[in-house]
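Novice: With the input below, show me the fold.
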Amino acid sequence: MSKKEKKSKKQKKKELEEKRRLEEELLRQQQEEERKRQEELEQQRREEEERQRLLREKRRKEELLRLDKESEEDSDLVEKRQSDLQRLVCEQSQQREWKNHLKCDPLPDITNVRELNDFVTQWKEYDVYQEIDALRNNVTNKKFHVTQMKYFMQDIENGYKLLHNLQTVIFGAIQQNDTEHAQNATRKYIEMVEIGQQKIDALTIKCLNDDYFTSAAVAGMKEDGDAIDSCSQRHIQFGLWASPMSNAFKDSKIEFAHPLCIKIELPKTVAMKAKMPLACRATYSVHHAFIQYNCSTEYESVGPVLNVQLLKLPAPPRDVFGINGATSTEESSRSWLVQNVNNDEQETLKPWEYAIADDVDQKSAETVHITYKLPSYIVVCDTEQISMGWWHERTQQWKSSDFKDIAYDKQQRVLSFTTCHLAPLCLVQPRGIWYEYVDWKLTPSGVERCTLSLSTRCKLEFVIEIIGGQCKLLQPDIPELKHIHRQLLKPHQLLSVLRWSGINLCASIARNQSTRCLQKNAEIESFAHLEISNVAAVFQTSMSKWNRSVHNASTQAEAEADAYESGDVIIFRVRKPLSPNEEADLLQSAEQQNDANAQDAENKDGTHDIRDKINDAEMWHTVMINAEKCTFIDCNEKSTEINLNTPAHELSHKTLLRCLTAYCTEDDLRDLENTSFRFKETVRRMLNLLNPLRV
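Specialist: The predicted structure is shown next:
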């Protein structure tokens, strides 16, 4: 190769620089093109967002106009409903008054505030010696004798009878969303319970100052030195025992006879510590205010409350002059002094402190063994794991600590336990175990008939049939509820009776609710109950899992729904009831799917979860109700995330009935139009009591 053909280093360097420049220029051109492309895409995105925003605003304006127009069109229906409601309330009030007249019930009409206040005042000031003919001859000295106990207990029972009716009034106010009336009735209920307790304390003082019980103080080591008596009424039972506590070598056993049926065993350490005569009072009260007092979100009471207290026994009457050496003049003055000493009765109860510590050392704990019989109407949720509670006065809640040797005889319904706390005692259960529904479903079952199914955490299925203006309990069919099984009752009457059996299906009756209950907006919840009741004659409604998960809404859904808080949105499902053939086909399809995926679909107990697959069928419509509208939303139980947007082929409306009109046949529309207001109002009241939309 010649020297001319060879490139110098400068030429090579220059060529490399030129090549690099060209590459950089090309890169800059590519970057510029990419930048322009991104700018165009961003511009397109902004334009699309603006277009979507304008479209949403347009749809929103159209929606608001449509909702306003529907509100105006429905104004006559709202007014008609208010007049129908007033007419129904007036009619039911007249029927109640007539029934009370036919029964010749001496109790006042507790819906009348003046009559109720008059009764409470008269009951509080009631003087047994003035009112009972058999005691009027003692009106001058009012000397009490233990045989007169029954008259005082009848006086207490007269007030407690009214408490039973007053509890029903509280449920009645809740079913009509009358918060003020419910609060007033609750305050009056608590006031009457406190008056009843004052009367029980007064009776206890009279009994302890009677010779029959004070004689136990000087009985010494006599085997029959203990004094015991009891008196029972339907709603309150009272027992009193007194002992010299002179034998410190054996346990003291107290057994109150039928119908009180309470056995108390005090360890011998009580006599060793006391060194003085003691009394023991046991009361068993069906009506109590612990439901309203209870601040705890952990436990609630089941059935009557047993209260056992140890009291100091008053000293017996004494002769200030002794037995011998008194002249006739001295005898007259002595009789006057003895009479005054005898009349100097103990005016207040003096508890003897035993087993009252909040924190207990199990090694040196003060204990009492108690056995009593549960009433036949009390439902025990789990007989294998009985929970007892003692009332902690300072914190106003039930506590389940410091109980041992708890045993329950299901056949005899006898409950026994050892406790370290002498305080109000009661069978307790986790709060919300009944009204935290696992599932619920409202299904039409005939002309003005529908069936409400409730699955509870207690694994007990409740089936309530609503017929016209009444309802009846179909399930569970158990001995404890045989007195109301298939009996026609009003919704508030049924739930009130269930509450006294230990089944609390109404979350609003207590001071606090379970922490698992959703805090829904009260007005929206009430409106949702109204809308469901308006279509209950034709459409089936059920629980949706998205009602609890609504706060997990996607960004798009939140934008569409104006970022509603979870309490302001209620979600449930609705559909036309399946025909028997459709149910059979759906069941067969679910069984085939389970057979094909047996390993994945098998439950822990070895059964296949067919019901859940049926419930997740595509024919369900998911409905959202908020403060301004009812609408279908674009998700179902099989969706992986919630979407609060209205489907493209649907429109939001002011009422649920308008949303469902497109799915109604002429027969359906006629049935909905002909459904009586009484039936719809009964469904609404039942939903107000049960609050199924809080799960």
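
Novice: Neighbours of residue 270, how many?
Specialist: By other C-beta atoms under 10 Å, 22 other residues sit near residue 270. Every C-beta, even on glycine, is put in place using the N, C-alpha and C of the backbone.

Novice: Quick one, grab the pLDDT at residue 617.
Specialist: The pLDDT attached to residue 617 in the predicted structure is 54.

Novice: same thing with residue 467?
Specialist: Here the pLDDT value assigned to residue 467 is 95.

Novice: Does it touch residue 451 like I think?
Specialist: No: shown here, residue 467 and residue 451 do not form a contact pair, counting by C-beta atoms under 8 Å, at 10.0 Å.

Novice: and residue 370, bridged to which residues?
Specialist: Judged by DSSP bridges, the bridge partners of residue 370 are residue 264, residue 417.

Novice: Quick check, pLDDT for it.
Specialist: pLDDT, read off for residue 370, is 95.

Novice: could you list every residue that touches it?
Specialist: By C-beta atoms under 8 Å, 6 or more residues apart in numbering, residue 370 lies in contact with 262, 263, 264, 265, 306, 308, 416, 417, 418, 419, 425.

Novice: What mean pLDDT does stretch 23-31 get?
Specialist: According to the model, stretch 23-31 has a mean pLDDT of 89.

Novice: tell me the contacts of the residue nearest the centre of the chain?
Specialist: Nearest to the centroid of the C-alpha atoms of the chain, with distances taken as C-alpha atoms, centre = their mean, sits residue 507, at 3.5 Å. Residue 507 makes contact with 432, 435, 513, 514, 517, 691, 694 under the criterion C-beta under 8 Å, 6+ apart.

Novice: Restricted to strands, list the residues you listed.
Specialist: Judged by DSSP state E, the contacts of residue 507 include no members of strands.

Novice: Please identify which of these is nearest to residue 636.
Specialist: Checking the contacts of residue 507 against residue 636 with C-beta to C-beta, the nearest one is residue 694 at 21.3 Å.

Novice: What is the neighbour count of the closest one?
Specialist: With other C-beta under 10 Å as criterion, residue 694 counts 22.

Novice: Pull the biggest strand by length in the chain out as PDB, backbone CA atoms only.
Specialist: Counting by DSSP E, the longest strand found in the chain is strand 299-312. Provided in PDB are the C-alpha atoms of strand 299-312 (Å, rounded to 0.1, in the frame of the first residue of the first chain):
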ATOM      1  CA  TYR A 299     -69.900  -8.900  77.100                       C
ATOM      2  CA  GLU A 300     -73.700  -8.500  77.600                       C
ATOM      3  CA  SER A 301     -76.000 -10.200  80.100                       C
ATOM      4  CA  VAL A 302     -78.200 -13.200  79.500                       C
ATOM      5  CA  GLY A 303     -81.500 -13.500  81.400                       C
ATOM      6  CA  PRO A 304     -82.100 -12.600  85.100                       C
ATOM      7  CA  VAL A 305     -79.400 -11.300  87.400                       C
ATOM      8  CA  LEU A 306     -78.500 -13.000  90.700                       C
ATOM      9  CA  ASN A 307     -77.300 -10.700  93.500                       C
ATOM     10  CA  VAL A 308     -75.900 -12.300  96.700                       C
ATOM     11  CA  GLN A 309     -74.800 -10.100  99.600                       C
ATOM     12  CA  LEU A 310     -73.400 -10.700 103.100                       C
ATOM     13  CA  LEU A 311     -74.800  -8.300 105.600                       C
ATOM     14  CA  LYS A 312     -74.200  -7.500 109.300                       C
END
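
Novice: Would you double-check that residue 282 falls in a strand?
Specialist: Yes: assignment of residue 282 by DSSP: H, G, I helix; E, B strand; the rest coil places it within a strand.

Novice: List the residues that contact the residue nearest to it when sequence neighbours are not counted.
Specialist: Leaving aside its sequence neighbours, residue 282 sits nearest to residue 239 (C-beta to C-beta, 6 or more residues apart in numbering; 4.4 Å). Contacts of residue 239 were listed using C-beta under 8 Å, 6+ apart, and they are 228, 229, 230, 231, 256, 260, 262, 281, 282, 283.

Novice: If we use 7 Å, what do you get?
Specialist: By C-beta atoms under 7 Å, 6 or more residues apart in numbering, residue 239 lies in contact with 230, 256, 260, 262, 282.

Novice: what's the closest of these to residue 183?
Specialist: residue 282 (32.8 Å).

Novice: Verify the contact between the closest one and residue 305 for me.
Specialist: No: if you go by C-beta atoms under 7 Å, residue 282 and residue 305 don't touch, sitting 11.3 Å apart.

Novice: Which residue in the contacts of residue 239 has the weakest pLDDT?
Specialist: Among the contacts of residue 239, residue 260 has the lowest pLDDT, at 88.

Novice: and that residue, helix, strand or coil?
Specialist: Assignment for residue 260 (three-state DSSP): coil.

Novice: what about it, how many neighbours?
Specialist: 19.

Novice: what do you get for residue 311?
Specialist: So residue 311, with other C-beta under 10 Å, has 20 neighbours.

Novice: residues in contact with it?
Specialist: Neighbours of residue 311 in contact, by C-beta under 7 Å, 6+ apart: 208, 278, 279, 281, 349, 350, 351, 352.

Novice: coming back round to it: please identify the helix or strand for the residue nearest to residue 282.
Specialist: Here residue 239 sits within strand 236-243, counting by DSSP states H and E.

Novice: Just checking: what are the partner strands of that strand?
Specialist: Paired with strand 236-243 in the same sheet, following DSSP bridges, are strand 227-232 (antiparallel), strand 278-285 (antiparallel).

Novice: picking that back up, bridging residues for the residue nearest to residue 282?
Specialist: Bridge pairing for residue 239 - DSSP bridges - gives residue 230, residue 282.

Novice: switch to numbering from 613
Specialist: Okay, residue one is now 613; in that scheme the one you just asked about reads as residue 851.

Novice: Where does the prediction get shaky in the protein?
Specialist: 613-619, 745-754, 831-836, 928-958, 1163-1179, 1198, 1202-1230 (pLDDT under 70).

Novice: Specify the next element, helix or strand, located C-terminal of the lengthiest helix in it.
Specialist: Counting residues, the longest helix found in the chain (DSSP state H) is helix 621-715. Note on helix 621-715: by DSSP H and E, the next helix or strand toward the C-terminus is helix 725-736.

Novice: isn't residue 783 right up against residue 1108?
Specialist: Yes: applying C-beta under 7 Å as the test, residue 783 and residue 1108 come out as touching, 4.6 Å apart.
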